[in-house]
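> One predicted model, sequence on top.
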Amino acid sequence: MDGNLTQSPSAATNDQPRPLPLGGWLRVAALNVYLAPLIMLILLFRSYRLFITPGIFEVLSDRSLPTYDPLILPMIFLEVASQIALFYGWFYAGMLFSRRSIRLPRWVDLLAVSTLLFDCLELLLQTQLRSPTGHATPFEVRRSLFAICTSAIWIIYFTTSQRVKRTFVRHP
């Protein structure tokens with residue numbers, strides 16, 4: 001599937017092996033790495049457009065309203081800060097990917113774990129804010145299961161794949 005993973009003896013120049021071309025599942029990984037920052041930026045602006053409307057923070061922090069919850073504002077700030085950090089993390093991953101840097105596999109693993117932790121924390125906070133029983137909606141559960149599955153797949157792939165080891169060989 002991945003084709004020939006061996007390199008010719010003349011492939012090494014300047015003590016650095018020549019990286020393999022993209023192939024196999026790395027093409028899917030490339031789409032993920034390059035599209036993730038763009039998708040995150042679009043979702044960030046679409047999701048948080050409401051919070052830049054005038055007077056929204058006064059409404060959310062008004063203790064006299066029956067819908068007031070002291071966790072709402074910290075959760076919003078945590079979510080925005082996390083999304084911005086993940087945006088820059090995936091943007092940096094795109095730079096590492098295009099350079100075929102040896103740092104990319106660990107960086108993708110770190111981002112996958114960070115995304116998973118962020119998603120689980122968000123699910124916990126959202127269920128506590130919306131429901132006195134603390135139950136998640138089916139959509140939230142599916143989204144968290146999707147995050148768990150995709151994180152597990154990419155972590156295993158970037159950690160064990162011979163193609164990844166032979167493609168990302170350049171030192172910074």
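Received the coordinates, thanks.

> After the strand or helix carrying F77, which helix or strand is next?
Counting by DSSP states H and E, the element that carries F77 is helix 72-99. Counting by DSSP H and E, the next helix or strand C-terminal to helix 72-99 is helix 104-130.

> Quick one: list the elements packing against that following helix.
helix 72-99, helix 138-160 (3 or more C-beta pairs under 8 Å, 6 or more residues apart in numbering; DSSP states H and E). (Each C-beta comes from the backbone N, C-alpha and C, glycine too.)

> who touches A30 in this structure?
Contacts for A30 (C-beta atoms under 8 Å, 6 or more residues apart in numbering) come out as 22, 97.

> Quick check: buried residues in the helix or strand containing it?
Counting by DSSP H and E, the element that carries A30 is helix 26-48. By 16 or more other C-beta atoms under 10 Å, the buried positions in helix 26-48 come out as 26, 29, 32-33, 36-37, 40, 44.

> which secondary element of this protein has the worst mean pLDDT?
Lowest on mean pLDDT, DSSP states H and E among the helices and strands of the chain sits helix 56-60, with a mean of 78.

> For that helix, C-alpha coordinates in PDB please.
Below are the C-alpha coordinates for helix 56-60, written out as PDB (Å, rounded to 0.1, in the frame of the first residue of the first chain):
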ATOM      1  CA  ILE A  56     -23.500  40.300  25.900                       C
ATOM      2  CA  PHE A  57     -20.900  40.200  28.800                       C
ATOM      3  CA  GLU A  58     -23.100  42.400  30.900                       C
ATOM      4  CA  VAL A  59     -26.000  40.000  30.400                       C
ATOM      5  CA  LEU A  60     -23.900  36.900  31.100                       C
END
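
> Who are the packing partners of it?
helix 72-99.

> what separates the residue of the chain most remote from its centre from L104, distance-wise?
Centroid-distance maximum for the chain: S64 at 37.6 Å, with C-alpha atoms, centre = their mean. As judged by C-beta to C-beta, to the nearest Å, S64 and L104 stand 51 Å apart.

> Now do the residue most central in space within the chain against R163, distance only.
Central residue check for the chain by C-alpha atoms, centre = their mean: the C-alpha nearest the mean position is that of T115, 4.6 Å away. Noted for T115: a distance of 23 Å to R163, by C-beta to C-beta.
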